[in-house]
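In: here are the coordinates; sequence isn't available:
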């Protein structure tokens, strides 16, 4: 739904529903009167998945919604300017999937999430500002993550090292770790020698500035998953071919 389609009467009717798997709203900020109608009925207490995008909620609105959400197992808040996760971390529901992409969240928000009781299996903090300390907090959390998104999250060597050393991430199978150019050789070597991340089959490391033969060789000869090593072996071959031809590598 677009917020422009959701007036008070429509919200009142929607809120009476008792069977709804997914509620997805995007657009301008939901008016307080509409939020009030949504929280008055049984809908939010019964819905399994909530999605808000492009400014549909702010911190206050999300707090109101999460106070009513009791059975939600998935929450996606995309590009809504959310700066606090307290309402999520303290919610009575038990989230298994949480995506907070493209929100101005810092290390404190990551620490609050890491301390939450949610049994998270998937967590996406792509395009946030959680940085090294936030990454370390999430990596050490008592989750059983299979998917972790930290792309373009202002992570450097310390965050990469914390990720590599986290025994709690042994269940991880997909890691989005792209566009973190502050990660240098120290962080790269830590990731390449990590035993905790050896099960990651999809490891997106693009955009980190690792474009030399040295970078590619470290990953191609690493302890990471064979699929990841093979990707970087092919990358190493491309780099070496460009070098022989004296062509710039792109």
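Out: Looks like it came in fine. Please read these numbers as outputs of a predicted model, since none were measured by experiment.

In: all contacts plus neighbour counts: C-alpha atoms, from now on.
Out: Fine.

In: so what's the residue nearest the centre of the chain bridging to?
Out: With distances taken as CA atoms, centre = their mean, residue 124 lies nearest the centre of the chain, 0.9 Å away. In this structure, residue 124 bridges to residue 99, residue 149 when assessed by DSSP bridges.

In: May I have the residues that are in contact with it?
Out: 98-101, 147-150 (CA atoms under 8 Å, 6 or more residues apart in numbering).

In: Poorly predicted segments of the chain, please.
Out: When the per-residue scores of the chain are filtered using pLDDT under 70, the ranges that remain are 18, 248-250.

In: got the residue ranges for the strands in it?
Out: Under the criterion DSSP state E, strands of the chain are mapped to 22-26, 49-53, 74-78, 97-99, 122-124, 147-149, 174-176, 202-204.

In: can you pull the buried residues of the fourth one?
Out: What that stands for is strand 97-99. Residues of strand 97-99 classed as buried: 97-99 (neighbour count, 16 or more other CA atoms under 10 Å).

In: What are the contacting residues of that strand?
Out: For strand 97-99, with CA under 8 Å, 6+ apart as the criterion, the contacting residues are 73-78, 120-125.

In: repeat that with 7 Å
Out: Contacts with strand 97-99, where a contact means CA atoms under 7 Å, 6 or more residues apart in numbering, come from 73-77, 120-125.

In: Verify the contact between residue 100 and residue 80 for me.
Out: No - distance between residue 100 and residue 80: 8.9 Å, which falls outside the contact criterion (CA atoms under 7 Å).

In: quick one on the thing from earlier: in JSON lines: the contacts of residue 124, plus distance to residue 114.
Out: Output for the contacts of residue 124, formatted as JSON lines (distance: CA to CA, whole Å):
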{"residue": "98", "distance to residue 114": "12"}
{"residue": "99", "distance to residue 114": "14"}
{"residue": "100", "distance to residue 114": "14"}
{"residue": "101", "distance to residue 114": "16"}
{"residue": "147", "distance to residue 114": "15"}
{"residue": "148", "distance to residue 114": "13"}
{"residue": "149", "distance to residue 114": "14"}
{"residue": "150", "distance to residue 114": "14"}
